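K.L.:
fold the following and give me the result.
(chains A and B)
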Protein chains: 2
Amino acid sequence: MKRTEIAELGEFGLIERLKKYETHHHDTTLKGIGDDAAVWKIDEQRYGLLSTDLLAEGIHFDLSYTPLKHLGYKAIAVNVSDIVAMNGYPKRAVVSIALSNRFSVEAIEELYEGMKIACERYRVDLIGGDTTSSRSGLIINVAIEGEVESRRITYRNTARTHDVLCVTGDLGAAYIGLQIMEREKQVFLANPEQQPDLTPYDYVIERLLRPEARLDIVEELRKRDVVPTAMIDISDGLASEILHLCTQSGTGALIYEERIPIDRMTYDVAINEFKIAPTICAMNGGEDYELLFALSPADFEKVKNHPDIVPIGYLTHPGEGTYLQTRGGNLVKIEAQGWNHFKKL
Amino acid sequence: MKRTEIAELGEFGLIERLKKYETHHHDTTLKGIGDDAAVWKIDEQRYGLLSTDLLAEGIHFDLSYTPLKHLGYKAIAVNVSDIVAMNGYPKRAVVSIALSNRFSVEAIEELYEGMKIACERYRVDLIGGDTTSSRSGLIINVAIEGEVESRRITYRNTARTHDVLCVTGDLGAAYIGLQIMEREKQVFLANPEQQPDLTPYDYVIERLLRPEARLDIVEELRKRDVVPTAMIDISDGLASEILHLCTQSGTGALIYEERIPIDRMTYDVAINEFKIAPTICAMNGGEDYELLFALSPADFEKVKNHPDIVPIGYLTHPGEGTYLQTRGGNLVKIEAQGWNHFKKL
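P.N.:
I've put the predicted structure just below:
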């Protein structure tokens, strides 16, 4: 029998190949694989949403520098982010945890404490799950159910040429936070006596360890009566998300380097301590959990004064490709790098 | 900081302790932790259901004798069983898989093929998920969403004294199947040349590797206009499920050993090859995925001729305790043993 390595296909290639196993029995199911959450019709006014995310120790988190309470918070937040990307509100979540006996009951409680804080913050009912042992490591899977008004749903594949492309907050910080923690871990392993002072890096570390889902943006858009023509959350880096949105919508894009929002600390640490271009962190770093969305020019007028919504470019005809215009005026083709958890193996 | 071992509490003790992290923001949420699935109100006629189950390699399955296609089938079936236990119909499922690079793309496809077959069988839309790497072993998490008519929902805690206690199908077969496979694995390890003939054990092995959810019973009950007063699926052994149902409903129970349905092959292999009382297999073995439910005497009349619904006793006043009356006429107190995946570590 032929043996194809997972790494040959990559994560997106694998998802593409697994699409053929999708099944469809219910006419109420509107969207399956290929968006941030699955979608079905509840009634004329409401759509239901379902999404799931698995976090595995050694792949998605390193417990040598990740407090369990933060990890619990993050496990909920990244799932809320998938519901938010559909312009919806989370309602209920179920949690599966597999862990070995090196974890105590108190450790599990720390994890749950963090999940509970996130559930209070995002108004999620934590209503069940499955707790079991594993032979090694900690696995956390969250499945989340939510709801969206049918007229407000935002898919990935419905953006249009000439729409304004916007992002929320700032990008690249979680990636720099990861570089800091990995560096300090090596320092600590070499010299366990030395306690690092992480105060100068507080913002980027918080962005890594305790990200927020932008549920506030869903609320802002609703208040201003704005519905993006397409939306996606930025979990794998801006480049990868732009390509998803453009490929699925059948458009090109042109974005401007100078418009990409990068926090001052991210910028300084990237350049001074890691010699990485901050734009690279924003484009190819992951785990920011900000939103990328497309707005009609009329809708953009309604949000352009919002301090946390930043226009970075616009959508073009498909033949025009997807490009970044650098500060120096050069056009660079946008290519996906993103996280690829299979390459790390 | 105090360190409490998970094994000190056991699975049910841990679940009890984690209940305090349940959150509640939505009045539509009707049932959280403590039943086979979480429940919420969709509208006056319909309730939504959500459940999740995680299967971990080395804990829930052994790939040395579990074909991946069967495993995929089982991962869906055990989740459907949770929806069935609420008297509901499954609608949509999302799947998370974590696996190491010892698995090829073709192996993942085998797993998905099995999931697809189960989804066709139970009319489930397989609509998304998360695929990632793990440092070791295979983890499969399924989250399933379903629906039930509000007037037909069956909780665990609503059975009443004098109700008839029924089970479906036969019990203990999966446990005997597991004993066979573990025995043959040892034989094989000792002498890899020897190919075991498993034909004489086909039924019990199939019950272990490829269990079915009793969605047909939900349909039967609906046709006969019968609503159990309480229902639970038998995943941890009959004893454990009877105790859940009685404790939560505030009743006692008396069941008759001679009424417990046990298949002929299960019976013979248990006695002749493993010297175990077949009743012990039914009471304390797990993974049969049959249903245990309570019926009012009037409703019992409507199903008593069904070949696959077997009355095993009745519910008593809480002060009377939960007892098994043996063939010899002795009364034995029912105690939970069930699976405890933490004890195996």
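
K.L.:
alpha carbons only for contacts and neighbour counts from here, please
P.N.:
OK.

K.L.:
now the residue nearest to A:Glu241 when sequence neighbours are not counted, which residues is it bridged with?
P.N.:
Distances taken as C-alpha to C-alpha, 6 or more residues apart in numbering or on different chains place A:Ile234 nearest to A:Glu241, at 6.2 Å, with adjacent residues excluded. Counting by DSSP bridges, A:Ile234 forms beta bridges with A:Glu290.

K.L.:
got the residues of the stretch 101-250 of chain A near chain B?
P.N.:
Contact residues (C-alpha under 8 Å from any C-alpha of the partner chain) of the stretch 101-250 of chain A with chain B: A:101, A:103-106, A:109, A:112-113, A:116, A:119-120, A:123-136, A:141, A:143.

K.L.:
if you set the cut-off to 7 Å instead, what comes out?
P.N.:
A:101, A:104-106, A:112-113, A:116, A:119, A:123-130, A:132-135, A:143 (C-alpha under 7 Å from any C-alpha of the partner chain).

K.L.:
sitting in strands, which of those do you find?
P.N.:
A:125-130, A:132-133, A:143 (DSSP state E).

K.L.:
including distance to A:Gly285, neighbour count and pLDDT, could these go into CSV?
P.N.:
Below are these laid out as CSV (distance: C-alpha to C-alpha, whole Å; neighbours: other C-alpha atoms under 10 Å in any protein chain shown; pLDDT from 0 to 100):
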residue, distance to A:Gly285, neighbour count, pLDDT
A:Asp125, 31, 24, 97
A:Leu126, 30, 29, 96
A:Ile127, 33, 25, 92
A:Gly128, 33, 27, 85
A:Gly129, 31, 26, 79
A:Asp130, 32, 19, 85
A:Thr132, 33, 20, 88
A:Ser133, 32, 28, 86
A:Ala143, 25, 30, 97
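
K.L.:
so which helix or strand takes in A:Glu206?
P.N.:
Assigned by DSSP states H and E, A:Glu206 belongs to helix A:202-209.

K.L.:
how far does that helix sit from its chain's centre?
P.N.:
15 Å (C-alpha atoms, centre = their mean, to the nearest Å).

K.L.:
list the buried residues of stretch A:30-42.
P.N.:
For stretch A:30-42, the neighbour count (16 or more other C-alpha atoms under 10 Å in any protein chain shown) marks A:31-42 as buried.

K.L.:
circling back: the ones in strands among the residues of the stretch 101-250 of chain A next to chain B: which two are farthest apart?
P.N.:
A:Asp125 and A:Ser133 (24.4 Å; C-alpha to C-alpha).

K.L.:
any regions of chain A where pLDDT drops low?
P.N.:
A:1, A:337-345 (pLDDT under 70).

K.L.:
now the residue nearest to the spatial centre of chain A: phi and psi?
P.N.:
Nearest residue to the geometric centre of chain A (C-alpha atoms, centre = their mean): A:Ser235, 2.4 Å. Here is the backbone geometry of A:Ser235 (degrees, to the nearest 10): phi -100, psi -30.

K.L.:
domain ranges for chain A?
P.N.:
As given by automatic domain parsing, the domain ranges for chain A are A:6-152, A:164-333.

K.L.:
using the three-state scheme, assign A:Leu49.
P.N.:
Following DSSP: H, G, I helix; E, B strand; the rest coil, we place A:Leu49 in the strand state.

K.L.:
check A:Glu147 too.
P.N.:
strand.

K.L.:
near it, how many other residues are there?
P.N.:
24 (other C-alpha atoms under 10 Å in any protein chain shown).

K.L.:
shouldn't it be in contact with A:Gly88?
P.N.:
Yes - counting by C-alpha atoms under 7 Å, A:Glu147 touches A:Gly88, with 5.5 Å between them.

K.L.:
and the contacts of the helix or strand that contains A:His244?
P.N.:
Using DSSP H and E, A:His244 sits within helix A:238-249. With contacts defined as C-alpha atoms under 7 Å, 6 or more residues apart in numbering or on different chains, helix A:238-249 is touched by A:156-159, A:232, A:234, A:252, A:282-284, A:334-338.

K.L.:
OK, contacts around A:Tyr289?
P.N.:
A:81, A:211-213, A:233-235.

K.L.:
sorry, slip of the keys, the one I care about is A:Asp233.
P.N.:
When contacts are taken as C-alpha under 7 Å, 6+ apart, A:Asp233 is in contact with A:81-82, A:85, A:289-292.

K.L.:
and which of those is nearest chain B?
P.N.:
Among those, A:Asp82 lies closest to chain B (C-alpha to the nearest C-alpha), at 11.5 Å.

K.L.:
hang on, that closest one in a helix?
P.N.:
Yes - counting by three-state DSSP, A:Asp82 is located in a helix.

K.L.:
show me the contacts for it.
P.N.:
Counted by C-alpha under 7 Å, 6+ apart, A:Asp82 has contacts A:36-37, A:51, A:233.

K.L.:
may I ask which two of these are separated the most?
P.N.:
Going by C-alpha to C-alpha, the pair spanning these furthest: A:Ser51 and A:Asp233, at 12.9 Å.

K.L.:
hmm, back to that, among the buried residues of stretch A:30-42, which are within reach of chain B?
P.N.:
Within the buried residues of stretch A:30-42, those near chain B by C-alpha under 7 Å from any C-alpha are A:32-33, A:38.

K.L.:
what number of residues lie near the residue nearest to A:Glu145 when sequence neighbours are not counted?
P.N.:
Nearest residue to A:Glu145, sequence neighbours excluded (C-alpha to C-alpha, 6+ apart): A:Leu50, at 4.6 Å. By the criterion of other C-alpha under 10 Å, A:Leu50 has 31 neighbours.

K.L.:
now swap in A:His317 and tell me
P.N.:
Burial of A:His317, expressed as a neighbour count using other C-alpha under 10 Å, amounts to 15.

K.L.:
what about A:Trp40, helix or strand, and which?
P.N.:
strand A:38-41.

K.L.:
and that strand, what does it pack against?
P.N.:
strand A:29-31, strand A:46-56 (3 or more C-alpha pairs under 7 Å, 6 or more residues apart in numbering or on different chains; DSSP states H and E).

K.L.:
list the strands paired with the shortest one, with their directions.
P.N.:
It refers to strand A:29-31. By DSSP bridges, strand A:29-31 pairs with strand A:38-41 (antiparallel).

K.L.:
before we move on, the earlier item: roughly how far does the residue nearest to A:Glu241 sit from A:Glu212?
P.N.:
Taking C-alpha to C-alpha, to the nearest Å as the measure, A:Ile234 falls 12 Å from A:Glu212.

K.L.:
just A:Leu54 next, same as before
P.N.:
Distance from A:Leu54 to A:Glu212, by C-alpha to C-alpha: 17 Å.

K.L.:
could you do A:Val94 as well?
P.N.:
With distances taken as C-alpha to C-alpha, A:Val94 is found 19 Å from A:Glu212.

K.L.:
how about A:Ile117?
P.N.:
12 Å.

K.L.:
and A:Ile59, by the same measure?
P.N.:
20 Å.

K.L.:
what do you get for A:Asp36?
P.N.:
On the measure of C-alpha to C-alpha, A:Asp36 and A:Glu212 end up 16 Å apart.

K.L.:
give me the contact list for the helix holding A:Glu206.
P.N.:
Under C-alpha under 7 Å, 6+ apart, the answer for helix A:202-209 is A:66, A:70-71, A:173-174, A:176-178, A:266.

K.L.:
re the thing from before, neighbour-wise, which of A:Ile234 and A:Glu212 wins?
P.N.:
Neighbour totals were compared for A:Ile234 and A:Glu212, and A:Ile234 leads with 27 against 23 (other C-alpha under 10 Å).
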